[in-house]
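1. Here is my input, please return the structure:
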Amino acid sequence: MKKFIRLFNTVKYLKFIQVYYRLYYFVRRRLRKLTGFSYPLSKASRSTTLTLQPSIKSYTSLEGQTFSFLNLSHTFDHDIDWNFSEYGKLWTYNLTYFDFLQQEGMTNEKGIELIYDFIEVSSTHKDALEPFPISLRGINWVKFLTQNEIKDKKIDDSLLAQYHILLDNLEYHLLGNHLLENGFSLLFGAYYFQDEKLYRKAKEILTAELEEQVLDDGAHFELSPMYHQIMLFRVLDCINLVENNDSQDKELLKLLKEKSSIMLGWLVKVTYENGDIPLLNDSAYGIAPTSKELFDYASRLNVEVKKVELKGSGYRKIVNDRYECVVDVGHIGPDYIPGHAHADTFNFELYIDKRPFIVDTGLSTYETNARRTEERSTAAHNSVEVMGTSSSEVWGGFRVADRAYVTGLEENDEKIVATHDGYEKKFGVLHTREWKFEEDSIVIIDRLNKEVDAVARLHFHPDVTKEEILKRILIKHSTFNIQNYFYAPEFNKTIESLVMEIPFKEELKVEIKI
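-> Presented below is the predicted three-dimensional model:
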């Protein structure tokens, strides 16, 4: 019964279009299996010559026959197994994205060899022909072929066939960044093949989804700084494509520039002075282009940075001469696609003298396992856990059932006070957190509307010692424990660090000396 209630509390937030397409694709897949349907893997094509300015180079992921993604490497001694699944589906996805075509030093010969190898075994592909990897691979192939002035009929015919598979499997059942990635890629396909059908669908998706997914302060609505960087990169690539290739559609170009300007503005706001991004929600280093790379790319494209004030994202950043503090006083993300959200309401990070002090636990895996559940839990964040329960019911890798809502917010230059209801349904508890920002200290006061067993936690960067913690963190009228946890700044990378756990019943005051 509990599982049924949890499932109901998860699916009740879905949009009708998500439910419709989940059912439609499910039934269609069953019928096609019965009839033996299969897509053609080559389609007669005619491509055009495009012009693109240099984009951002990808992280190096291929050396010789060794592929490295997500801090996991595998060497294919003979043929490449494009279905290699030993490291999980995300690694297989990365293998088939073909980001390595954009890495420094990739030659025409090597790139064509890899594409040919992929095409030769197209009939055996599994994950590679799903819409998301097709989307990313399509952009990477078009960019590689264009930048290296390669004309190859075999590659073009395969690519056009893949775009028609994508067109027939658009991710309306997921929405969010997945559908947006479909739209970005369709635009590249439309220009490369001068295909009006691809163009109409691309414009339809991009127009609707950019309006939906870019918030009033410029944040991507899934509230992951890492995904924000990725989505901004795609918008900038689309500006590069449209502006340099005889577009008659000034309306789309205007939209792309408007959205990139405000997205740049948000990224300027949340990026720390040392160039780091906050690792809030599903965020990790080594995946997206860095903020500096994005700012430089935007400058080359003459895209202006719009000045914004943090608002709709729920993130706030307080800065003085000594510290930078990012706090989360917003919703966990869009109700109908919270897959990259964590139970982290009232979480915060603190940098002192441009170095990380209090940090988010980070992200090490997308596998549905205990580690994924732990990293999404309230206990893994700098907030308050009540009765051993998370403020939002995260489960199943990418799902959220009951979730916390911020029910009150007051703020000025010196303090932020916010209340959330994540514990109200189960325990009748409202959690109010107040941050007081002073020149040489930050005071945090947690209040619960009744006495219950609660724990506040502060997770410290691996470079922070116990001595520094005891020197900077002042707590009155409460005991605390300092123990180990695993900080995860990148996928499949964890570093033993220190966390302070502070049990309390109804009210807690913590002072952080700067």
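2. helices or strands next to the longest strand seen in the chain in the packing?
-> Assignment by DSSP state E gives strand 493-504 as the longest strand of the chain. Counting contacts by 3 or more C-beta pairs under 8 Å, 6 or more residues apart in numbering; DSSP states H and E, strand 493-504 packs against strand 454-459, helix 466-472, strand 481-490. C-betas here are computed from N, CA, C, even on glycine.
3. go again using 6 Å as the cut-off
-> strand 454-459, strand 481-490 (3 or more C-beta pairs under 6 Å, 6 or more residues apart in numbering; DSSP states H and E).
4. contact partners of that strand?
-> 71, 364, 454-460, 462, 478, 480-482, 484-488 (C-beta atoms under 6 Å, 6 or more residues apart in numbering).
5. returning to that earlier point: of all the helices and strands packed on strand 493-504, which lies closest to T368?
-> Nearest to T368, of all the helices and strands packed on strand 493-504, is strand 481-490, at 16.3 Å by C-beta to C-beta.
6. Need the three-state assignment for I512.
-> strand (DSSP: H, G, I helix; E, B strand; the rest coil).
7. Just list whatever residues bridge to it.
-> I442, I473 (DSSP bridges).
8. tally of neighbours for it?
-> Per other C-beta atoms under 10 Å, the neighbour tally for I512 reads 22.
9. got it, and Q194?
-> When neighbours are counted by other C-beta under 10 Å, Q194 comes out with 11.
10. Please determine how far it is located from D237.
-> 19 Å (C-beta to C-beta, to the nearest Å).
11. what do you get for T49?
-> 18 Å.
12. Between the two ends of stretch 279-294, how far is it?
-> One end of stretch 279-294 sits 18 Å from the other (C-alpha to C-alpha, to the nearest Å).
13. go on, stretch 206-224?
-> 20 Å.
14. Give me the contacts around that stretch.
-> So stretch 206-224 is contacted by 176, 179-180, 183, 227-228, 231, 259, 262-263, 265-266, 281-283, 308, 310-313, 333-334, 340 (C-beta under 6 Å, 6+ apart).
15. and if you look at stretch 45-55?
-> T146, D156, D157, L160, Y192, F193, Q194, D237, N240, N244, N245.
16. what does stretch 417-425 give?
-> 329, 345, 386, 391-392, 404-410, 429-432, 434.
17. ChimeraX command to pick out the buried ones of these?
-> In ChimeraX, a selection of the buried entries from the contacts of stretch 417-425 looks like this (16 or more other C-beta atoms under 10 Å):
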select :329,345,386,391,392,404,406,429,430,431,432,434
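18. Among the contacts of stretch 417-425, which are located in helices?
-> If you go by DSSP state H, those have nothing in helices.
19. Now name the helix or strand holding F26.
-> helix 16-35 (DSSP states H and E).
20. Show the subsequent helix or strand relative to that helix.
-> Taking DSSP H and E, what comes next after helix 16-35 is strand 62-63.
21. contact partners of that next one?
-> F100.
22. Flag the shaky bits of the protein, pLDDT-wise.
-> Nowhere does the chain drop to pLDDT under 70.
23. Got the domain ranges for it?
-> 11-213, 217-313, 316-513 (automatic domain parsing).
24. and the gap between Y366 and N169?
-> If you go by C-beta to C-beta, the gap between Y366 and N169 works out to 21 Å.
25. what does S38 give?
-> From S38 to N169 the distance is 13 Å (C-beta to C-beta).
26. Determine which member of these two has the greater number of neighbouring residues.
-> N169 (20 against 8).
27. Please name the nearest non-neighbouring residue to that one.
-> P131 (4.5 Å; C-beta to C-beta, 6 or more residues apart in numbering).
28. distance of the most centrally placed residue in the chain from F398?
-> In the chain, the centroid-proximal residue (C-alpha atoms, centre = their mean) is Y227; its distance is 2.9 Å. Distance, Y227 to F398, using C-beta to C-beta: 13 Å.
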